[in-house]
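Asks: Any chance you can model this:
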Amino acid sequence: MVVEIPYAVSQATVREAADFVLSQDTYRMILNDPTGNFFYDDWKIKPYYRNTPLAYILQSLDFPIGEARVIPLEAGTCYIRHCDIDDRFHLNLYGECGYLLNCDDLEMYEIKNDGQWYDMDTGKRHSAVAIGETVRLQLVVRKLLQKNKLRSPIDITVIGGGNNIRFNFDNTISPWLNQKNKQGVISDFSANLESGKVMFKLEEKLLSELDAVLPAQFQRTITI
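Replies: As a prediction, this is how the structure comes out:
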């Protein structure tokens, strides 16, 4: 689920970036802005973060990237289990005794403060825990979704229902969407979290497969 990739920065740069984040009013920050489609087009660094250690670390990834965030996790806390349609790149800025948990395969990965970028398959149901004495600061970058070309596309709208829509969506449909993006059989994904609605194009032959993973309280419509 977590694999080292050949991109890294010095630990001195990581310390400078951590000091910068810790000096701010909030540790939770989005470092860049979209230039087009949220999930598919390159994001550019915000003016406030130019010429900072954070910008230098992001520039060590020499290819187009999506949203980049510094995500704090307070000591003694964890995230609810979930999946994402888009995989992520991770680099630890600060904090020891942090772990990423693969809840599907019951595996645990230490988050090392080593200046190294890691590629994370977020199609696995996962969580993160911070069990050290300080906050964990993680630099997390969305991978851009593939711009797939479909042969027989249909337009799908899925509307959530029931209790805890986000949890149900992230643990049933998101793993499937992550896999199908990589297989090249969905495109034009978009989401409206306020209304609990997602839209995407799907190869028509896979409609029954989608229906098999949809929670009973969710609805879907199609347009051919």
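Asks: Let me see the residues that make contact with stretch 192-199.
Replies: Applying Cβ atoms under 8 Å, 6 or more residues apart in numbering, the external contacts of stretch 192-199 come out as 155-161, 165-166, 169, 173, 188-191. All C-beta spots, glycine's among them, are computed from the backbone N, C-alpha and C.
Asks: repeat that for 10 Å
Replies: 85, 155-162, 165-166, 168-169, 173-174, 177, 188-191, 218-221, 223 (Cβ atoms under 10 Å, 6 or more residues apart in numbering).
Asks: These in strands, which ones?
Replies: Of the contacts of stretch 192-199, the ones assigned to strands by DSSP state E are 155-159, 188-191, 219-221, 223.
Asks: May I ask which two of those residues are separated the most?
Replies: Longest distance between any two of the ones in strands among the contacts of stretch 192-199 is 19.6 Å, between Asp188 and Gln219; criterion Cβ to Cβ.
Asks: more neighbours, these two?
Replies: Asp188 (18 against 12; other Cβ atoms under 10 Å).
Asks: Which parts of the chain are helices?
Replies: 11-22, 53-59, 165-183, 207-213 (DSSP state H).
Asks: among those, which is nearest Asn113?
Replies: The nearest among those, by Cβ to Cβ, is helix 11-22 at 6.8 Å.
Asks: now for the closest one, which elements pack on it?
Replies: Contacts defined by 3 or more Cβ pairs under 10 Å, 6 or more residues apart in numbering; DSSP states H and E place helix 11-22 against helix 53-59, strand 68-73, strand 88-94, strand 136-142.
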